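>>> show me how the following folds:
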Amino acid sequence: MNNLSVNHLLGIKNLNIDDIKLIFKTADNFKKIINQPIKKVPSLRDITIANLFFENSTRTKLSFEIAEKRLSADILNFSSSSSSVNKGESLIDTVNNILAMKVDMIVMRHPNPGAALFLSKNVNAKIVNAGDGSHEHPTQALLDAYSIKEKLNDIKNKNVLIVGDIMHSRVALSNIYCLQSLGANVKVCGPSSLIPKYLKLLNVEHISDLETALNWCDVANILRIQLERQDVQYIPSLREYSMTYGVNKNILSKIKENKIIMHPGPINRGVELSSDVADSDHSIILDQVENGVAIRMAILYLLARKIKK
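Now for the predicted structure:
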């Protein structure tokens, strides 16, 4: 298969296994390119991409921007904090104004779940979901799975643990969908108050003890506590959370085998992950960042091929 089965990247749930494999195969080629002296290719010349970020972002926004520039696309950057959104303009009006400037593709992060789906049904452009509330973050899940595959050669039958604030994390849900479709075994670990009930429907087991969970897994993906999405207090304090669920050298020294440590960022050092683990040989956090550019280049390239000029 040389083309994606979808016209937009709205979530992992919309992709089939062939789509994921095609994205990985395309990313392999782009990773070779971005590690060469001349890192730019003309693949998206004459394609205009608008980056619409209605929430704060550092890694994802920069990663998409550099991916777009490596592909020679024309770029429009939009930030809601300095736009007419603050004057009451609706999402659809904002986007239609941007599309009137002849934009071909939109990369959007929005605080409301389903915003990317809504956009895909109402505007004539390819949509890439860069995170919609606590729903999905498909490009992060794809780069995480790609990083695991790169490190372990395969994902099938590997044990992947997701630790932290599962309830408010779009990364967790997308990772579960992606890893399960690739044949991995997925379990979660964290306080019961931060574990959503729907995980049972996804056949994902909750392990409450961190040491037990780390002994089970091959890979541990550590998530931060998303205080900005919490309307009530789900944990007594960050200090108490860190004492029970913080991954540090002390707890890793009790584990039988070396584990691969991942984190989507931003890291709250000393809370969910200590500096001596984040910067250790166990960690592939910077590999995730590098792979993020290749994966996003692959997605933009594959979706651009479906644009009818």
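
>>> where does the prediction get shaky in the protein?
Where the chain drops to pLDDT under 70, the residues are 1, 80-88, 227-232, 234, 236, 309.

>>> please parse it into its domains.
Split into domains by automatic domain parsing, the chain comes to 12-136+289-304, 138-284.

>>> got CSV for those, with mean neighbour count and distance to Asn3 too?
The way it works is simple: take the backbone N, C-alpha and C, and place the C-beta from them, glycine included. CSV is the format used below for the domains of the chain (neighbours: other C-beta atoms under 10 Å; distance: least, C-beta to C-beta, whole Å):
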stretch, mean neighbour count, distance to Asn3
domain 12-136+289-304, 18, 7
domain 138-284, 18, 17
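
>>> and these as CSV, adding distance to Asn2?
CSV is the format used below for the domains of the chain (distance: least, C-beta to C-beta, whole Å):
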stretch, distance to Asn2
domain 12-136+289-304, 7
domain 138-284, 18
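
>>> so which of those is nearest Leu4?
Across these, Leu4 has its closest neighbour in domain 12-136+289-304 (5.1 Å, C-beta to C-beta).

>>> distance between the ends of the closest one?
18 Å (C-alpha to C-alpha, to the nearest Å).

>>> repeat that for stretch 91-106.
13 Å.

>>> now do stretch 77-91
The first and final residues of stretch 77-91 sit 15 Å from each other (C-alpha to C-alpha).

>>> hang on, the earlier thing: compare the domains of the chain and give me the one nearest Ser5.
Taking the domains of the chain one by one with C-beta to C-beta, domain 12-136+289-304 is closest: 5.6 Å.

>>> mind listing what Ile295 touches?
23, 27, 139, 142-143, 146 (C-beta atoms under 8 Å, 6 or more residues apart in numbering).

>>> hang on, it is in a strand, isn't it?
No - counting by DSSP: H, G, I helix; E, B strand; the rest coil, Ile295 is not found in a strand; it is helix.

>>> which one is it nearest to, not counting chain neighbours?
Leu143 (4.4 Å; C-beta to C-beta, 6 or more residues apart in numbering).

>>> correct me, but the one you found touches Asp287?
No - contact status for Leu143 versus Asp287: not in contact, 9.4 Å apart, counting by C-beta atoms under 8 Å.

>>> which SSE is the nearest residue to Met108 once chain neighbours are set aside in?
Once flanking residues are discounted, Met108 sits nearest to Leu52: 4.3 Å by C-beta to C-beta, 6+ apart. Following DSSP states H and E, one finds Leu52 within strand 48-53.

>>> for that strand, packing partners?
helix 59-70, strand 74-79, helix 91-99, strand 105-110 (3 or more C-beta pairs under 8 Å, 6 or more residues apart in numbering; DSSP states H and E).
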